[in-house]
Each structure stands twice: as C-alpha cells, then as structure tokens.
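# Just a sequence and a predicted model for now, questions to come.
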Amino acid sequence: MARGSKASYSSKQKRQASKIEKSVKMRGGKSEDAERIAWATVNKQDGGAKKKKKKASKKKSTKKAGKTATKKASGKKKTSKKSSKKS
C-alpha cells in the first residue's frame, strides 16, 4: 500500500492514479504494485501533490520611466552606412 495521506492531491491527480491503477491490474499486475505504480507515475508527471495557491495581489510597476530615460540620455544618432557608387 502507498504510504502517506493522499488528501493534498487534486481531484485530477486522484483520477489519473485510479485510471493507471486499473490499467496495471488489467495487464495482470498485483493490486499492491498497481497502487504503488499509479502514485509513482502521478508524482513523476506532476512533481507531487498540487496544493491550492492563494491569489496574489496585483501590483503595478513604476519602473518604465527609468528605462526610457536611459535610452534618451545617450544622445548619439545612428547613421546608416550606404555604399554610394559614382560612375
């Protein structure tokens, strides 16, 4: 039997594990092995249990003015080099 509580897994992850477990059993695997393989596969795909994330407050950045000032401060114009042929 798999160790630990599965409460922190999302419903999608639990569904995936049950489908994998059924698949292993249909191919002739033992039920203990099927459960172990199922949860190992879910952990490998998703990196473990997905915990609910809190919504972060949106903050607007005011650094735009600093970036445009540095571009204007250079004061050097780029000139294009065109090859002119005189005939």
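In hand now; what should we look at? Numbering: from 1, shown residues only.
# Student question: in the protein, what's the helix or strand with minimum average pLDDT?
helix 64-73 (a mean of 58; mean pLDDT, DSSP states H and E).
# Which residues does the strand or helix carrying Ala17 contact?
According to DSSP states H and E, Ala17 maps onto helix 11-26. Identification of contacts with helix 11-26 by Cβ atoms under 8 Å, 6 or more residues apart in numbering yields 6, 9, 31, 33-35, 37-39, 41-42, 45-46, 49-50. In short, each C-beta sits where N, CA and C put it, glycine included.
# how much space is there between Ser18 and Lys30?
Separation of Ser18 from Lys30 (Cβ to Cβ, to the nearest Å): 16 Å.
# swap that for Val42, sorry
19 Å.
# ok, these two, which is more surrounded?
Ranked by neighbour count (other Cβ atoms under 10 Å), Val42 and Lys30 place Val42 first, with 24 against 11.
# so what's that one up against?
Tyr9, Gln13, Gln16, Ala17, Ile20.
# 6 Å instead, please
With contacts defined as Cβ atoms under 6 Å, 6 or more residues apart in numbering, Val42 is in contact with Gln13, Gln16, Ala17.
# Pull the number of nearby residues for Lys12.
11.
# Which pLDDT value belongs to it?
pLDDT, Lys12: 91.
# what does Trp39 give?
For Trp39, pLDDT reads 92.
# Return the set of buried residues in the host helix or strand of it.
According to DSSP H and E, Trp39 maps onto helix 31-46. Neighbour counts over helix 31-46 (16 or more other Cβ atoms under 10 Å) mark Ala34, Glu35, Arg36, Ile37, Ala38, Trp39, Thr41, Val42 as buried.
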